[in-house]
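A.B. asks: fold the following, please.
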Amino acid sequence: MMRHLSACLLAGSALCWPFAASAADEPRAPTANPSVADSAKPSDPETPPADADIIVIGRGETRQVQRISQVDIATLAAGTSPLKAIEKLPSVNFASADAFGAYEWSERVSIRSFNQNQIGFTLDGIPLGDGSYGNVNGLHISRAISSENIGQTIVSQGAGSIGTQATNNLGGTIEFFSSDPKSEFGMTANGTFGSDNTVRAFGRIDTGVLGDNGPSAYVSYGFLDTDKWKGFGSQRQHQVNAKFVAPISTVRLVGTFDFSDRRENDYQDLSLDMIRRLGYNNDNISNNFPLAVALADAATAGQPLPAPYNTLDDVYYDAAGLRVDYLGALGIEAARDAAVHGALKAYYHSNHGQGLWYTPYTPTPGGAPISVRTTEYDIHRKGVFGSVGGKLAFNDITIGGWYELNDFRQARRFYGLTSRTVSTRDSLDFQTGPFFTQWYLQYQTETLQYYVQDKIALGELTIDLGWKGFDVRNSATPIVGGGLASGTIKTTDWFQPHAGLNFKLSDRAELFGDFTQAKRAFVSSATTGPFATSQAGFDALLTTNKLKPEQSNTFEGGGRYRNGGFNALLAVYYVDFNNRIIATTVGAGILGNLATLSNVGSVRSYGVESAVEARLGHGFGVFASYSYNDSTYRDDVPQAPDLSTNPPTIRPAIATAGKTTVDSPKHMAKGEITYDKGMFFGRIGANYMSKRYFTYTNDQSVPGQVIVDATAGIRFSLPDDRKVELQLNATNLFDKKYVATIGSNGFGNSGDSQTLLAGAPQQFFVTVKTGF
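C.D. replies: Got it, this is the predicted structure:
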């Protein structure tokens with residue numbers, strides 16, 4: 001217990017009591033070097049090993065990597081996305097329009113100028129896809145698992161571990177690991193109340209170990225219901241997680257099950273002009289259907305719109321995102337220190353989703369001048385991955401593989417609104433009975449990946465050598481074509497090398513360096529990737545333009561220093577990014593116009609990352625990180641035919657050479673001061689990022705910002721000896737008005753566009769936690 005408490009104090013934990021939902025009593029210690037462990041490794045615990053003074057700065061790694069534990073997540077407002085917890089790490093740029101960082105339309109994360117589509121995400125090794133809003137090959141982590149059940153998060157700012165189940169990890173990997181069941185029977189219950197009628201509840205029951213070294217399990221349920229912070233509407237979620245672990249001789253059987261039903265009303269996308277005219281609080285008018293009808297009527301008749309609106313895109317009646325997911329996995333894992341180590345896991349994921357927009361551009365036949373436009377998603381993924389390895393002299397060799405078959409169907413449909421006075425459809429219900437299907441396609445993606453890795457231990461020098469390769473085959477088959485592309489495309493690269501080293505200068509200091517090459521496979525979708533264009537445009541990509549997959553070559557090196565309660569990190573990197581593909585559309589996002597894909601050639605990025613953590617004594621701790629990133633396009637986009645239009649037009653050249661890549665702040669600084677001693681605990685953290693561009697020619701940008709969050713809490717015991725914790729969280733403490741998300745409707749070549757989302761204002765939440 002004292003070991004756990006000391007680690008929590010050092011990490012600035014607000015939840016270090018033994019009833020913490022995700023604290024396993026006797027967790028397995030992490031491997032000495034997770035970068036060479038296969039990604040099918042057992043769930044990593046949130047509690048650091050006994051000798052770990054600090055948990056967020058990696059030690060013994062051959063690459064840039066840090067860890068965040070459950071105690072870091074617990075200090076944030078209950079229900080906060082684990083992605084928000086990692087925003088304090090160097091080079092991690094996270095943005096969201098809500099206080100919890102879980103609103104999927106707005107949620108964005110980038111690392112070293114690589115966006116979330118170019119980062120690999122996994123949960124217990126299970127691939128989560130590319131992290132986009134309309135995720136076509138996975139699901140967001142906030143739907144995959146409740147934040148209270150996450151034991152550890154590992155962030156790699158480079159190209160990541162070669163054993164990760166991902167074919168898009170150009171710019172890094174974010175690996176989440178669920179906590180193991182507790183060794184003793186127990187229950188946890190948390191309740192949160194706060195701004196905008198927020199109500200959140202979480203409960204978990206652990207069976208404890210049954211019998212003599214027998215199985216153990218837990219099941220949890222989470223519920224969220226909150227009003228939007230502006231406008232009208234709700235964001236709701238029901239979530240169930242379950243996990244069991246059963247030791248069998250020298251291995252253990254592990255099974256997980258996750259269910260999520262998330263339904264959220266959207267905020268209105270903004271432009272800089274809209275913010276100047278209408279303010280940050282401009283939002284959809286879902287409380288005023290007659291006004292939405294009047295706006296559509298006026299536009300159809302060519303009359304001035306009702307004040308204060310200038311265009312139909314200033315406000316819509318409503319919009320929403322609905323997602324229902326089931327995710328299950330079953331696997332077997334050998335002990336990581338066994339002479340022969342390995343793991344094998346099979347998984348299945350199904351998703352049914354709709355993204356809704358009440359569009360004034362398509363009237364209901366015989367009804368209102370508005371209809372409900374949807375983008376519909378149905379995913380059925382199944383896969384298996386595993387690895388086997390062992391030691392041979394000073395080598396530790398691991399061989400692993402991954403296979404997945406993803407059957408994905410996507411449709412664009414329109415649903416009628418029969419009344420002109422009231423909305424006849426609930427935006428948080430799945431829509432049925434469309435009057436028009438614009439397009440409906442079946443996409444299939446088959447992935448085969450393998451890797452080979454060797455960890456060579458030569459005294460104070462550790463060398464990692466290896467490579468990975470994959471073959472990804474994509475196909476699109478029209479059910480209702482609607483002018484969209486169909487056909488096949490594939491990405492094959494059987495050799496993507498990795499080499500790294502770590503040299504221990506002393507017990508306190510070490511140097512590291514590595515090189516990784518990674519390639520990004522194409523995705524199968526009507527809204528992103530090479531199929532998201534016309535048939536003529538797709539054919540030209542394959543023949544005339546010779547479309548090539550994106551590829552990155554990452555070089556990085558640095559040093560780490562550790563002395564008692566003080567830890568420091570300094571690293572530099574250089575990234576050569578080839579065949580960068582950008583997608584541009586004309587018009588508001590609600591129109592659903594086809595995208596134009598362009599290869600902007602190469603991108604060069606270089607930068608510096610630093611982080612410091614210190615234990616100050618008397619319960620105080622401090623953490624700070626700073627990163628500098630210079631990322632620029634190296635080439636102009638040449639003039640070329642645009643075959644996504646009918647008739648084809650000439651796409652003008654775009655002067656992108658020397659311009660900063662979009663959504664890439666040059667400077668980011670993060671810091672926090674924590675206190676945890678006896679009954680009381682607290683945290684105050686600040687996050688600064690500099691200017692961000694949202695056009696490829698850099699003529700439009702949003703200014704830099706500093707956002708401050710704070711936590712304060714107290715622990716006490718009831719007369720029955722039950723532990724209770726009371727926690728107060730304040731987000732955006734100083735109520736700053738700012739643009740949180742950029743690129744919500746993509747990025748344009750130049751000029752202002754409706755692709756910004758305002759950040760949430762100052763909000764307060766109170767959480768009561770108890771258990772036994």
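A.B. asks: what about the spatially most central residue of the chain, which SS state?
C.D. replies: In the chain, the centroid-proximal residue (C-alpha atoms, centre = their mean) is residue 131; its distance is 5.0 Å. When classified by DSSP: H, G, I helix; E, B strand; the rest coil, residue 131 comes out as coil.
A.B. asks: gap between it and residue 476?
C.D. replies: From residue 131 across to residue 476, the span is 22 Å (C-beta to C-beta, to the nearest Å). All C-beta spots, glycine's among them, are computed from the backbone N, C-alpha and C.
A.B. asks: distance of residue 536 from residue 103?
C.D. replies: 37 Å.
A.B. asks: same question, residue 506
C.D. replies: Per C-beta to C-beta, residue 506 is found 46 Å from residue 103.
A.B. asks: would you mind identifying the next helix or strand past the helix-or-strand element of the chain with minimal mean pLDDT?
C.D. replies: Scoring the helices and strands of the chain by mean pLDDT, DSSP states H and E places helix 2-11 at the bottom, with a mean of 34. Remark: after helix 2-11, the chain's next helix or strand is strand 65-69, criterion DSSP states H and E.
A.B. asks: how much distance is there from that following strand to the middle of the chain?
C.D. replies: Centroid separation for strand 65-69 versus its chain: 15 Å, with C-alpha atoms, centre = their mean, to the nearest Å.
A.B. asks: list the buried residues in that strand.
C.D. replies: 65-69 (16 or more other C-beta atoms under 10 Å).
A.B. asks: ok, those vs residue 455, which is closest?
C.D. replies: Residue 455 lies nearest to residue 65 out of the buried residues of strand 65-69, by C-beta to C-beta, at 14.6 Å.
A.B. asks: wait, that closest one touches residue 154, no?
C.D. replies: Yes: applying C-beta atoms under 8 Å as the test, residue 65 and residue 154 come out as touching, 6.4 Å apart.
A.B. asks: and stretch 439-447, average pLDDT?
C.D. replies: Model confidence over stretch 439-447 averages 97 on the pLDDT scale.
A.B. asks: at which residues are the strands of the stretch 551-700 of the chain located?
C.D. replies: Taking DSSP state E, counting those that start in this stretch to define them, one finds strands in the stretch 551-700 of the chain at 551-563, 566-578, 581-584, 596-599, 603-617, 620-633, 640-642, 649-651, 667-677, 680-689, 692-693.
A.B. asks: of the ones you listed, which is nearest residue 466?
C.D. replies: The nearest among the strands of the stretch 551-700 of the chain, by C-beta to C-beta, is strand 551-563 at 14.6 Å.
A.B. asks: for residue 415, give me its contacts.
C.D. replies: 371-372, 374, 425, 431-435 (C-beta atoms under 8 Å, 6 or more residues apart in numbering).
A.B. asks: grab the two from those that are most spread out in space.
C.D. replies: Largest separation among the contacts of residue 415 by C-beta to C-beta: 371 and 432, giving 14.1 Å.
A.B. asks: out of those two, which sits in the busier spot?
C.D. replies: Neighbour tally, residue 371 and residue 432, criterion other C-beta atoms under 10 Å: the higher count belongs to residue 371, 26 against 8.
A.B. asks: got a pLDDT number for residue 47?
C.D. replies: Note for residue 47: predicted pLDDT of 36.
A.B. asks: go on, residue 649?
C.D. replies: The score at residue 649 is 72. That number is its pLDDT.
A.B. asks: please, where are all the helices along the stretch 301-450 of the chain?
C.D. replies: Using DSSP state H, counting those that start in this stretch, no helices are found in the stretch 301-450 of the chain.
A.B. asks: how about the strands in it?
C.D. replies: So, for the stretch 301-450 of the chain - with DSSP E, counting those that start in this stretch - the strands run 319-334, 340-359, 371-392, 395-415, 436-458.
A.B. asks: okay then, goodbye and thanks.
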